[in-house]
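**Student:** Dropping the sequence and predicted coords here.
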Amino acid sequence: MERRRRRTDRLPLTEQLPADPLARARVACDHAAAIGFESVVAMHVPDDGSQGVVSGAAGRAEPLVDVARGIARRALHDGRPLQLVDTEDRIGARRWRHAAVPIGRVAGGTLVLVASDPNLSQREGQALATWVAPATTAGMTVRGGPCASLARGLANEFDADAVVLALFASSGILLNMHVRSGGLLHSARVPSDTVWGEVARHGAAFTLGDLPLHSGVELLASVGMRNAALVGLENGNGIAIGALGVASAGELDVDVAHHLLARAPVIGPDIMTRLSSTQVPVPAADGSVDLHLLAARVGCERFVMYELVDTEPQLIAAHARDGSRAVDTADELEKQLVGWAARKGVGVVSDDAAAVLIGDHTVLYARDGNKRALDCLRLALQDVRRNPFGGEDDSVDADAA
């Protein structure tokens, strides 16, 4: 017998739920059971480590209360907006899947919604997590990565249910979807020829309805979102890095896209800074850059700067992966690549090293057996200023050594 799909899209709007976490949890239990989940429990997990207390329930909850207690505590410890757990009855007669979603803080503990059903899908769990995620997370552990607070702030500012960061990756676009709490709900890679790539390449901003009809935003539609506003992002120096989206199950303000466009010049560099494992070197007023920071940003085993004196390269400074001074001397390959880059005026690469002429008098060299050295140089310099290899094209001419 074919299972009837649960209509998570018929859950009431989040704004229609009570603001008080306890009342919210009890109402959520009733609505989740009404659309077909077999068991729904609102569990109060005390801070003192004592046994969880049932604060609300619907459906066949009683046989699964003990299981719900353990899953709720695990969800709080993990800090994710959704915890999916599979169990089976003691006699192995029936398998269950449970979705645990933190709802919010109450006196002395935290409330967690645990929905259980033999046929519960990941998409249904994500829809529940998006629906009841808390906007206030004080006292809660939230696992959302370095952009969690940014996502939470944007969701609050634009009264959104979900925030998506869509950033260019080595292949396609990496989507990170956050719920209102800032928690990271889902990551996926999509092709660049979707609405995310379009808005990113053009630096545009617009609002979408009928989300199932648009390539790239199917995930938002599948968790109950009906409207989304998207804006392109750049790194502060004119180089596109991806796009940002805010989505809602209800109506978005008609001016959201315009507000996002106004904020985009700040949001893009902020995201880059948050995602960076090293500090971005900032040029001084005279255009100089701290070489220690630049070397750490490049992140290769060896990073060297040469200055051309009467067309001959002279070593200025050599650095290790962490930006510290390097004591080893240049080998023959380094001298050869640097000389070729100086004479040809292009990027020159070998299997594990690269050299490139910057301006008229500076050659940068990097070597690393586990990385593409030319890409490391290019990306680090893009963080500092406009594409240093010239023109509007991000590509780099390279001759194999």
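**Tutor:** Cool, the structure landed.
**Student:** Identify, by residue count, the longest strand of the protein.
**Tutor:** strand 95-106 (DSSP state E).
**Student:** Check which helices and strands it is in contact with.
**Tutor:** Under the contact definition 3 or more CB pairs under 8 Å, 6 or more residues apart in numbering; DSSP states H and E, strand 95-106 sits against helix 21-34, helix 65-78, strand 83-88, strand 109-117, helix 122-132. In short, each C-beta sits where N, CA and C put it, glycine included.
**Student:** just the ones you listed: most buried one?
**Tutor:** strand 109-117 (a mean of 25; mean count of other CB atoms under 10 Å).
**Student:** That one pairs with which strands?
**Tutor:** In the sheet, strand 109-117 lines up against strand 39-46 (antiparallel), strand 95-106 (antiparallel) (DSSP bridges).
**Student:** From the chain's centroid, how far away is the first one?
**Tutor:** Same thing as strand 39-46. 29 Å (CA atoms, centre = their mean, to the nearest Å).
**Student:** Next, the buried residues of the helix or strand just after it.
**Tutor:** Once the chain leaves strand 39-46, the next helix or strand it forms, by DSSP states H and E, is strand 53-59. The neighbour-count check on strand 53-59 (16 or more other CB atoms under 10 Å) flags 54, 55, 56, 57, 58, 59 as buried.
**Student:** What of stretch 185-199?
**Tutor:** 185, 186, 190, 192, 194, 195, 196, 197, 198, 199.
**Student:** model confidence over that stretch, on average?
**Tutor:** The average pLDDT for stretch 185-199 rounds to 90.
**Student:** now swap in stretch 256-270 and tell me
**Tutor:** Stretch 256-270 carries an average pLDDT of 92.
**Student:** Export only the CA atoms of that stretch, formatted as PDB.
**Tutor:** The C-alpha trace of stretch 256-270 is given here as PDB (Å, rounded to 0.1, in the frame of the first residue of the first chain):
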ATOM      1  CA  VAL A 256      13.100  43.000   1.000                       C
ATOM      2  CA  ALA A 257      15.100  42.600  -2.300                       C
ATOM      3  CA  HIS A 258      15.900  46.300  -2.300                       C
ATOM      4  CA  HIS A 259      17.100  46.200   1.400                       C
ATOM      5  CA  LEU A 260      19.200  43.100   0.600                       C
ATOM      6  CA  LEU A 261      20.800  44.900  -2.400                       C
ATOM      7  CA  ALA A 262      21.700  47.800  -0.100                       C
ATOM      8  CA  ARG A 263      23.200  45.500   2.500                       C
ATOM      9  CA  ALA A 264      25.100  43.300   0.000                       C
ATOM     10  CA  PRO A 265      28.300  45.300  -0.200                       C
ATOM     11  CA  VAL A 266      28.700  44.700   3.600                       C
ATOM     12  CA  ILE A 267      27.400  41.200   3.800                       C
ATOM     13  CA  GLY A 268      29.800  39.800   1.100                       C
ATOM     14  CA  PRO A 269      33.100  40.800   2.800                       C
ATOM     15  CA  ASP A 270      31.600  39.900   6.200                       C
END
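**Student:** any low-confidence regions in the protein?
**Tutor:** 1-5, 91-92, 277-287, 385-401 (pLDDT under 70).
**Student:** can you list the domains in it?
**Tutor:** For the chain, automatic domain parsing gives the domain ranges 8-132, 148-275, 291-400.
**Student:** of those, which approaches residue 141 most closely?
**Tutor:** domain 8-132 (3.7 Å; CB to CB).
**Student:** sorry, back to before: buried residues in the longest strand of the chain, which are they?
**Tutor:** Neighbour-count burial for strand 95-106 [16+ other CB under 10 Å]: 96, 97, 98, 99, 100, 101, 102, 103, 104, 105, 106.
**Student:** need the contact list for the third one.
**Tutor:** It stands for residue 98. The neighbourhood of residue 98, defined by CB atoms under 8 Å, 6 or more residues apart in numbering, consists of 64, 67-68, 71, 83-87, 114-116, 120.
**Student:** let's see 6 Å
**Tutor:** By CB atoms under 6 Å, 6 or more residues apart in numbering, residue 98 lies in contact with 71, 85, 114, 116.
**Student:** The closest residue to the second one other than its chain neighbours pairs with what?
**Tutor:** Nearest residue to residue 85, sequence neighbours excluded (CB to CB, 6 or more residues apart in numbering): residue 98, at 4.7 Å. Counting by DSSP bridges, residue 98 is bridged to residue 85, residue 116.
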